[in-house]
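K.L.:
sequence plus predicted model, see below.
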Amino acid sequence: MAANYAGLLADKLERSGSRREASAIRERLARVPAALISAQRGAQAPGSLGGLPVDGDSRLNTVDVSRPSVGEVQLLLPSGLQARLQEFLSSVLHHDKLQAAGVSQPHRLVMHGPPGTGKTQTARWIAAQLHLPLLTVRCDTLISSLLGQTSRNLRRVFDYAQEVPCVLFLDEFDALATARGNERDVGELQRVVIALLQNIDALPDETILLAATNHDQLLDYAIWRRFTFRLAMPMPDQELREQLWAQFLGAYVPSQLSVDQLAQRSSGLSGAAIEQVCLDAKRAAILAAKPQVEETEVFRRLGLMMAMMEGQRLHSLKSEIQWLRRWHPRFFSQRVLAAAYGVSQRQIRNAIEEEDGHGDQGDESAT
């Protein structure tokens, strides 16, 4: 009945000269069967997305569904990226207005940058802001060893994204969109990229498609032209690192802790790595029944994270002590290290001298 009334409205608008509005209504009416399928799924499983697409061979779901809420997803990005992201959101929220003016664009956003820079978190934030479920494509089940099955899996996913209001998120996008033509390419990979391009082209403009990759140089050239909005996600600068430390530590920040010093010493770390350090420090404080993190513990865990990022292999407490002393000698005095590891200053001194080549092998070690 609603479709019939909408059709009558489109006819009336066209007779009155509002052809653009009439065309928009008819375009939406063309997808009524898909909307009916969505309604049937909703009736079968109230409050959930039923009938998720599955791999034809393994019968496993090819998408994961999450429902991020505005309160649970916090996002910190450089101001330029925030502005671009708001522009994307505005284009989604005011699609009908932009379409009526003839300046609407497809709701497609690709994010690229190093791991841990907030690409997945940005996808969650967008879904939360739009109050839509997030459908994250599972490449491990989407990509099949069977000839042609991957393309069919893609078709099912894109069809499903048009049937239900959602945000479709293609994570690790380079697994599907690797550039064609290199010497290691095979026919099936080329067909997957072609199928991906065709599925993207077939999407209605208002379907929200997000993609993320850590390896933008691997993407096929034709892929870039399909995405109107692009976000290059950089590693956080000094100002953003300060904000990240303050946000992730939250109420656990002690008064004597210098967020500025943490930001300086964490140069080169991603936002995800900073969050992990904060989680580890807060976990230690909670288990020790302390209301706030200890400054020494935060810097110790930051130092160990920096060691891991630089490929340092610290297999013992002695190697940790030696690294921390070398990494931040002004903070990690012998007294601070002794208190942090619960050993005597003499043991700390022996460990430091041993690394410098002056230690006596007969001295008591820090381990």
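P.N.:
Here it is on my side, so go on. Numbering: from 1, shown residues only.
K.L.:
any idea how far Leu142 is from Ala222?
P.N.:
Between Leu142 and Ala222 the computed distance is 20 Å (C-beta to C-beta, to the nearest Å). For every residue, glycine as well, the C-beta is placed using N, CA and C.
K.L.:
of the two, who's got more company?
P.N.:
In this view Leu142 and Ala222 are compared by other C-beta atoms under 10 Å, and Leu142 has more residues nearby, 23 against 15.
K.L.:
correct me, but the more buried one touches Phe158?
P.N.:
No. The criterion here is C-beta atoms under 8 Å, and Leu142 misses it with Phe158 at 11.2 Å.
K.L.:
so Leu209 is in which element?
P.N.:
strand 208-213 (DSSP states H and E).
K.L.:
and after that strand, which helix or strand comes next?
P.N.:
Strand 208-213 is succeeded, C-terminally, by helix 221-224 (DSSP H and E).
K.L.:
C-alpha coordinates for the helix or strand just after that following helix, CSV please?
P.N.:
Later in the chain than helix 221-224, the nearest helix or strand by DSSP H and E is strand 229-232. C-alpha atoms of strand 229-232 as CSV (Å, rounded to 0.1, in the frame of the first residue of the first chain):
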residue,chain,number,x,y,z
PHE,A,229,36.2,10.2,0.2
ARG,A,230,39.7,9.2,1.2
LEU,A,231,41.4,9.4,4.6
ALA,A,232,45.1,9.0,4.9
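K.L.:
what's the average pLDDT for the helix or strand following strand 229-232?
P.N.:
On the C-terminal side of strand 229-232, the closest following helix or strand by DSSP H and E is helix 238-249. What helix 238-249 shows for mean pLDDT is 94.
K.L.:
now do helix 238-249: which elements does it pack against?
P.N.:
helix 259-265, helix 271-287 (3 or more C-beta pairs under 8 Å, 6 or more residues apart in numbering; DSSP states H and E).
K.L.:
what comes up buried for the last one?
P.N.:
Right, helix 271-287. For helix 271-287, burial by neighbour count (16 or more other C-beta atoms under 10 Å) applies to Gly271, Ala273, Ile274, Glu275, Gln276, Val277, Cys278, Asp280, Ala281, Lys282, Ala284, Ala285.
K.L.:
adding pLDDT and distance to Ala2, write the residues you listed out as a markdown table.
P.N.:
Putting those into a markdown table (pLDDT from 0 to 100; distance: C-beta to C-beta, whole Å) gives the following:
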| residue | pLDDT | distance to Ala2 |
| --- | --- | --- |
| Gly271 | 93 | 45 |
| Ala273 | 95 | 51 |
| Ile274 | 96 | 50 |
| Glu275 | 94 | 46 |
| Gln276 | 95 | 50 |
| Val277 | 96 | 54 |
| Cys278 | 96 | 50 |
| Asp280 | 95 | 54 |
| Ala281 | 95 | 55 |
| Lys282 | 96 | 51 |
| Ala284 | 93 | 58 |
| Ala285 | 94 | 56 |
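K.L.:
of those, just say which sits nearest to Leu81.
P.N.:
Checking the buried residues of helix 271-287 against Leu81 with C-beta to C-beta, the nearest one is Gly271 at 12.1 Å.
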